[in-house]
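Visitor: Sequence and predicted structure are below.
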Amino acid sequence: MSKFRTYAYLRASTIEQDKARAKGALIQFADEHSLSISAFFAENESGAKLDRPELFRLLEIAQKGDILLVEQIDRISRLKDDDWYSLKSIIKDKGLRVVSLDLPTSHQFAVVNDEFTERMLSAINDLMLDMLAAIARKDYEDRRRRQKEGINKAKSEGRYRGRPVDLELRKKIEGMLIDNKSYDYIQHILGCSRTTISKVSKLLKNGS
């Protein structure tokens, strides 16, 4: 029986993204590599922000030698450099092994048994992690830039109407806030971001 445990992390930046598909891919990978996933941690938060409650709950629970399993590196990081190095330092200080489906060099962490091989793999994997994290951040910044350019163009042409409001989701959040449900509870039940809950809360307080 393995001495380490495997924890899977699922992140989607919007409620529309399908976490079920990613969960299926992680389960399939675990089965193929004789891993038993001890728990799934899922949340709807942007990978560009360091403050992600479920990710840090996972990091708090995990112990040295445990595996942090993700579908893609951008699930844990679209962070700017300082935040990425802070997160990576926490992972390394805890002695965790990051295994990502899109990073083949990390797959050997699922079967490595000796210290020398693990140290060699760690050195290689750290370089690849940094590279993929940098690529994920650049992709995030490029998409934000293109989005901003598109909005500015639409505004100049009089076509911009702003992002449509999800009235059904807003009503559900309002109801739960009125019932004094916590942000964590609402986020877990509805799968929405804390930012969305905060916006609805401000509208309620302002009577909008």
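Guide: Noted; the coordinates are in hand.

Visitor: Domain map for the chain?
Guide: As given by automatic domain parsing, the domain ranges for the chain are 6-137, 167-206.

Visitor: any idea which helix or strand comes after the longest helix along the chain?
Guide: Counting by DSSP state H, the longest helix found in the chain is helix 115-156. Proceeding N to C from helix 115-156, the next assigned helix or strand is helix 167-178, under DSSP states H and E.

Visitor: and among the domains of the chain, the most buried is which?
Guide: domain 6-137 (a mean of 17; mean count of other C-beta atoms under 10 Å). No exception for glycine: its C-beta is placed from N, CA and C like everyone else's.

Visitor: picking that back up, output the domains of the chain in TSV; the columns should cover distance to residue 144 and mean pLDDT.
Guide: Formatted as TSV, the domains of the chain follow (distance: least, C-beta to C-beta, whole Å; pLDDT from 0 to 100):
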stretch	distance to residue 144	mean pLDDT
domain 6-137	9	85
domain 167-206	15	86
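
Visitor: just to revisit the earlier point, check which helices and strands the longest helix of the chain is in contact with.
Guide: Under the contact criterion of 3 or more C-beta pairs under 8 Å, 6 or more residues apart in numbering; DSSP states H and E, helix 115-156 touches helix 81-94, strand 97-100.

Visitor: Quick check: closest non-adjacent residue to residue 98.
Guide: residue 68 (5.0 Å; C-beta to C-beta, 6 or more residues apart in numbering).

Visitor: which residues pair with that neighbour across the strands?
Guide: residue 7, residue 98 (DSSP bridges).

Visitor: dump the residue contacts of it.
Guide: 7, 9, 58, 59, 62, 76, 91, 96, 97, 98, 99 (C-beta atoms under 8 Å, 6 or more residues apart in numbering).

Visitor: Is it correct that the first one is in contact with residue 37?
Guide: Yes - here residue 7 lies in contact with residue 37, judged by C-beta atoms under 8 Å, at a distance of 7.3 Å.

Visitor: Mind listing the shared neighbours of these two?
Guide: residue 69.

Visitor: What separation do you get for residue 193 and residue 156?
Guide: The spacing between residue 193 and residue 156, counted by C-beta to C-beta, to the nearest Å, is 30 Å.

Visitor: and if you look at residue 12?
Guide: 32 Å.
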